[in-house]
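Student: Quick one, fold the following:
(2 chains)
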Number of protein chains: 2
Amino acid sequence: MSGRRNGNGSDKAVIARLEGLGRAVAEAARKGKNPTLEIPIRALSNVKFNDKRSIIELGDETQSRLFLNVAMAKKFMQTMLVAAGCKEFVESGKTTSLRDLFYRLKHTLPGTTENTFDEQEESDPIIEDVEVTLDTLREELHLFASRKGSMVGPITIRDSGDQIDLARMGSGGWAVPSIVEPSVIQFVRHEAKYVLLIEKEAVWVRFNEDKFWKREKCIILQSGGQPPRGVRRLVQRLVNELKLPLFVLVDNDPWGLYIYSVVKQGSINLAYESMRMAVPAARFIGLSTFDREEFKIAKDLTIALDEQDRSRTKQMLDYPWFQKKPWQRELKEMLASGVKMELEALSTKRNISFITEEYLPRKLKEKKWLD
Amino acid sequence: MSGRRNGNGSDKAVIARLEGLGRAVAEAARKGKNPTLEIPIRALSNVKFNDKRSIIELGDETQSRLFLNVAMAKKFMQTMLVAAGCKEFVESGKTTSLRDLFYRLKHTLPGTTENTFDEQEESDPIIEDVEVTLDTLREELHLFASRKGSMVGPITIRDSGDQIDLARMGSGGWAVPSIVEPSVIQFVRHEAKYVLLIEKEAVWVRFNEDKFWKREKCIILQSGGQPPRGVRRLVQRLVNELKLPLFVLVDNDPWGLYIYSVVKQGSINLAYESMRMAVPAARFIGLSTFDREEFKIAKDLTIALDEQDRSRTKQMLDYPWFQKKPWQRELKEMLASGVKMELEALSTKRNISFITEEYLPRKLKEKKWLD
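Tutor: Numbers count the residues shown, from 1 in each chain, chains lettered A, B, ... in the order given. Model prediction:
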């Protein structure tokens, strides 16, 4: 959708869009017309891979949500409630959670036994409707998701007015918040040469403890599995604004590859936010199936692929962004070998710091990554 | 167990204990005796509530683990492997995860098809055996658990040599590491009057965004549900070393009360570490069942108790530390009301910051807590 701005809206711009939505509905009602919302369809049928941009995007199809329609009236009302609730948050300059918004909007309609919302499962998709209809992100609507992940490295940031030197964060690190828009987080100065996103918390601890980021001048982030929105968005900003390469370090299994894939191209479920989250230039630095031989990982440290692993890997062979030869080779070798490996397999019997002192430096030096 | 030191061992002291274990085994073997380990029993039968200390403790019963015994030989070998592995970590000054230790110790015994360990489920309990046998904690053995939780407040700490002002941590906060022993984390100076431990991440964000900790001069920590070991240990150190009161803010449901209970008295599963983790002086500041009336929380924002909630609450009525009248009143009222509430129920329809501006200040002022 070439016309989609997909974010970067200031609070003022977001309020204007929310007001525009309300005004259109009010005007239709005044003119005796049926108030209608045009909501882009968030389904596989309306998702496509944009080859040029190399991200998963939402298409142009929309569905109409009518006020005067028995099947749609409740959802229409809910959409208006969510938009009004978000407007209140943006105007107050405060942020809140999806659950909090649900609670704020939940009430029994006067004179009825009907609730505006019964479960959060009802309000969450409505929030996504509002995001996609207004071409804005939930973070811009001042709604936050779960927080996970921490970050250290030779970079000084400003977070809500506090200047923080991420080279002096000890063993804990700076906890990455859910909302990392430029209005909250600014990059002050840095000496980083690249960003390293690590799937596993325990591996990040090893990299931090060994001060890998100091020696290598890089920013290390951990995502605790599939990175939450805050981490993905922050990584994208680091890459785009500071022009840094991104390396992704995950387990050698279909889940690890899927994490890399989402970081790089976005996901089908959240295709409408790819432009704000995806990093098409992301490089896969490991663990590669070929590392088993290259780094002599013992057979007893590998784990047999199960049926689900095999079918997930076969699916990935068909992904448009895995069509390059090296990726086909990688995926086919995983199937042929019949095994997967965790990053921890690198730390056995040898030096505890093998991964930071030998594995990664050698892979970087020999440019042994896939993109 | 009055003789239990339960921690506070320096690396040197821990190495001495690990070496003592190995020496005893080697000497028995040299004398032609059957090497034997005496391991305190970690089961409900050997757990008791210490009224005087007000914590759940391990009793004095032990079980013998014999080397020359077909049923025990493998576990004996595994115990020695874990102890040797930990010694290596402590000596190198590095830390690692439970999973990493499993990988390091896993291998096929030469000339056999027998693995030292097949699954991490085998090595984890052995680690607990070593902890309890040596009267040391896994953190002292340089093993870390999962990390969760963040912290801000008017306190400056030193973490691995870096001085960090937790009053200048922006929206993210300092990520609490898993190992927070005095060798890693030191308290430099502070102006805090109390510590507030918040169950829910989203609620912590509200408290941080509203700069509640600045206005109230308190340290706020979030635990993301049941606090991980690092958070519990850090809270205990803040309370003991800085002589600060601790308030715990949780949902009004059996799970929230259980979280409070574990923070205060320790858990049955991990009774052997109560002395290092439990904070008997912890105060329950909310959400109380009586807050529903006190703060006029609408009926449609409460959730009906289910069968499990009822039976959990009835169990808690029998806990020794819930025998005080106000606690019995609290628990019985929850059963009588038939409903539970989430902290988010406080933010509806009123001011978004009701919880930080009215609810908590009033409860503190009126001393409306339970302990």
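
Student: going forward, measure contacts and count neighbours with C-alpha atoms only.
Tutor: Will do.

Student: can you tell me how far A:Ile127 sits from B:Leu360?
Tutor: The spacing between A:Ile127 and B:Leu360, counted by CA to CA, to the nearest Å, is 30 Å.

Student: and what of A:Arg215?
Tutor: Separation of A:Arg215 from B:Leu360 (CA to CA): 46 Å.

Student: Would you mind telling me which of those two has more residues around it?
Tutor: A direct count of neighbours by other CA atoms under 10 Å in any protein chain shown for A:Arg215 and B:Leu360 places B:Leu360 higher, at 18 against 8.

Student: Confirm that the more buried one sits in a helix.
Tutor: Yes - assessed with DSSP: H, G, I helix; E, B strand; the rest coil, B:Leu360 lies in a helix.

Student: got the contact list for A:Lys217?
Tutor: A:Gly153, A:Pro154, A:Glu191, A:Ala192, A:Lys193, A:Tyr194 (CA atoms under 8 Å, 6 or more residues apart in numbering or on different chains).

Student: What values do phi and psi take at it?
Tutor: Main-chain torsions, A:Lys217, degrees, to the nearest 10: phi 50, psi 70.

Student: For it, give me the pLDDT.
Tutor: What the model reports as pLDDT for A:Lys217 is 98.

Student: again with the one 3 residues further on
Tutor: At A:Ile220, the pLDDT value in this model is 98.

Student: Check A:Pro361 too.
Tutor: Looking at A:Pro361, the pLDDT reads 97.

Student: What average pLDDT does stretch A:261-276 get?
Tutor: In this model, stretch A:261-276 has a mean pLDDT of 86.

Student: burial count for the closest residue in space to A:Ala43 that isn't next to it in sequence?
Tutor: Counting by CA to CA, 6 or more residues apart in numbering or on different chains, A:Ala43 lies nearest to A:Asn269, which is 7.4 Å off, once chain neighbours are set aside. Applying other CA under 10 Å, we find 13 other residues in the vicinity of A:Asn269.

Student: what about the spatially closest residue to A:Phe67 that is not a sequence neighbour, distance to chain B?
Tutor: Of all residues not flanking A:Phe67 in the chain, A:Ala73 sits nearest, at 4.9 Å (CA to CA, 6+ apart). Distance of A:Ala73 to chain B, computed by CA to the nearest CA, to the nearest Å: 22 Å.

Student: Which positions in the stretch 101-250 of chain A make contact with chain B?
Tutor: For the stretch 101-250 of chain A, the contact set with chain B under CA under 8 Å from any CA of the partner chain comprises A:103-108, A:146-147, A:150, A:158-164, A:168-177, A:184, A:201-202, A:205-206, A:209.

Student: ok, now which ones touch A:Lys332?
Tutor: Contacts of A:Lys332 by CA under 8 Å, 6+ apart are A:Leu317.

Student: A:Leu287 too?
Tutor: A:Leu287 sits next to A:Leu249, A:Val250, A:Asp251, A:Asn252, A:Met341, A:Glu342, A:Leu343 when contact means CA under 8 Å, 6+ apart.

Student: Which ones among the residues you listed map onto strands?
Tutor: Judged by DSSP state E, these include A:Leu249 as members of strands.

Student: how many other residues sit next to the residue nearest to A:Phe67?
Tutor: That count, for A:Ala73 with other CA under 10 Å as the rule, works out to 14.

Student: likewise the one 5 residues further on?
Tutor: Other residues near A:Gln78 come to 20 when the count uses other CA under 10 Å.

Student: do A:Leu221 as well
Tutor: The number of residues near A:Leu221, taken as other CA under 10 Å, comes to 30.

Student: helices or strands up against the helix or strand harbouring it?
Tutor: Using DSSP states H and E, A:Leu221 falls within strand A:218-222. Contact here means 3 or more CA pairs under 8 Å, 6 or more residues apart in numbering or on different chains; DSSP states H and E; on that basis strand A:218-222 packs against strand A:150-152, strand A:194-198, helix A:201-209, helix A:212-216.

Student: who touches stretch A:218-238?
Tutor: By CA under 8 Å, 6+ apart, stretch A:218-238 touches A:145-155, A:176-180, A:191-201, A:204, A:207-208, A:212-213, A:244, A:246, A:259, A:263, A:276-279.

Student: Where among the helices and strands packed on strand A:218-222 is average confidence lowest?
Tutor: Across the helices and strands packed on strand A:218-222, helix A:201-209 has the smallest mean pLDDT, namely a mean of 92.

Student: what comes up buried for it?
Tutor: A:Glu201, A:Ala202, A:Val203, A:Trp204, A:Val205, A:Arg206, A:Phe207, A:Asn208, A:Glu209 (16 or more other CA atoms under 10 Å in any protein chain shown).

Student: about what we covered before: columns neighbour count on top of the contacts of A:Lys217, output as JSON lines?
Tutor: JSON lines is the format used below for the contacts of A:Lys217 (neighbours: other CA atoms under 10 Å in any protein chain shown):
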{"residue": "A:Gly153", "neighbour count": "28"}
{"residue": "A:Pro154", "neighbour count": "20"}
{"residue": "A:Glu191", "neighbour count": "13"}
{"residue": "A:Ala192", "neighbour count": "19"}
{"residue": "A:Lys193", "neighbour count": "17"}
{"residue": "A:Tyr194", "neighbour count": "20"}
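
Student: Give me the domain ranges for chain A.
Tutor: Annotated domains of chain A cover A:11-144, A:150-365 [automatic domain parsing].

Student: Which stretches in the stretch 101-250 of chain A count as strands?
Tutor: A:143-144, A:150-152, A:155-159, A:162-165, A:174-175, A:185-190, A:194-198, A:218-222, A:246-249 (DSSP state E, counting those that start in this stretch).

Student: In a markdown table, list the ones you listed along with distance to A:Arg53.
Tutor: Below are those laid out as a markdown table (distance: least, CA to CA, whole Å):
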| stretch | distance to A:Arg53 |
| --- | --- |
| strand A:143-144 | 27 |
| strand A:150-152 | 28 |
| strand A:155-159 | 29 |
| strand A:162-165 | 34 |
| strand A:174-175 | 31 |
| strand A:185-190 | 25 |
| strand A:194-198 | 21 |
| strand A:218-222 | 25 |
| strand A:246-249 | 17 |
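
Student: Ok, which of these comes nearest B:Glu294?
Tutor: For the strands of the stretch 101-250 of chain A, the distance to B:Glu294 is smallest for strand A:143-144, at 28.8 Å, taking CA to CA.

Student: and the closest one, what does it pack onto?
Tutor: strand A:96-97.

Student: Does chain B have contacts with the strand it packs on?
Tutor: Yes - using CA under 8 Å from any CA, strand A:96-97 reaches chain B at A:Thr96, A:Ser97.

Student: Show me the strands paired with that strand, marking each as parallel or antiparallel.
Tutor: Paired neighbours of strand A:96-97 in the sheet (DSSP bridges): strand A:143-144 (parallel).

Student: Just the buried positions in the lowest-mean-pLDDT helix or strand in chain A, please.
Tutor: Counting by mean pLDDT, DSSP states H and E, chain A has its least confident helix or strand at helix A:274-277, which shows a mean of 86. Buried positions in helix A:274-277, judged by neighbour count with 16+ other CA under 10 Å: A:Ser274, A:Met275, A:Arg276, A:Met277.
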